[in-house]
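1. Give the three-dimensional model of this entry:
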Amino acid sequence: MPSQPSKELETFDNPRPERDYTIRISIPEFTCLCPKTGQPDFAEMTLEYVPDKQCVELKALKMYIWSFRDEGAFHEAITNETLNDLVAATQPRYMRLTAEFNVRGGIYTTVVADHKADDWTAPNPVTLP
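-> Here you go, the predicted structure:
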């Protein structure tokens, strides 16, 4: 098999570092294991970020997400760990990770974690007529 799961997150230079813009990435097939039962947990993750100097490379992100498939983790822990790793790799101006986990025992869980660089201020929203 040519591809393997990996914890290494590759980046590339932001092609427009002078501009605030948002990158949204949907990750509909996240899987990990329940740390209590060992049964699979499934989630749809949405990564949204305003890059600074670096952007995350998508194939590396896919291999990184795949690396959790056989790991046991609580929803809150896995969401925050993933955000921490992505922030460490890219040093964004702003980043939010939303993880919407499928039902487990009749309960749906959504975990939202975000990071904001100390020296960054969000632009004012524009309201169009």
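
2. any weak-confidence spans in the chain?
-> 1 (pLDDT under 70).

3. Next up, identify which helix or strand residue 99 is on.
-> According to DSSP states H and E, residue 99 maps onto strand 94-104.

4. That strand packs against which elements?
-> On a contact count with 3 or more CB pairs under 8 Å, 6 or more residues apart in numbering; DSSP states H and E, strand 94-104 meets strand 40-50, helix 75-90, strand 107-116. For glycine as for every other residue, the C-beta is placed from the backbone atoms N, C-alpha and C.

5. who wins for proximity to residue 62 among the ones you listed?
-> For the helices and strands packed on strand 94-104, the distance to residue 62 is smallest for strand 40-50, at 11.8 Å, taking CB to CB.

6. Nearest to residue 13, out of the helices and strands packed on strand 94-104?
-> helix 75-90 (11.0 Å).

7. List the buried residues in the closest one.
-> Buried positions in helix 75-90, judged by neighbour count with 16 or more other CB atoms under 10 Å: 75, 78, 79, 82, 83, 86, 87, 89, 90.

8. same question, stretch 19-35
-> Applying 16+ other CB under 10 Å to stretch 19-35 flags 27, 30, 32, 33 as buried.

9. just to revisit the earlier point, can you put the helices and strands packed on strand 94-104 in a markdown table and add distance to residue 57?
-> What follows is the helices and strands packed on strand 94-104, written out as a markdown table (distance: least, CB to CB, whole Å):
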| stretch | distance to residue 57 |
| --- | --- |
| strand 40-50 | 13 |
| helix 75-90 | 9 |
| strand 107-116 | 19 |
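
10. of these, which approaches residue 8 most closely?
-> Smallest distance to residue 8 across the helices and strands packed on strand 94-104 (CB to CB): 8.8 Å, for helix 75-90.

11. residues in contact with that closest one?
-> With contacts defined as CB atoms under 8 Å, 6 or more residues apart in numbering, helix 75-90 is touched by 7, 9-11, 32, 41, 43, 45, 47, 49, 51-52, 54-56, 64, 68, 71, 73, 92, 95, 97, 99, 101, 109, 111-115.
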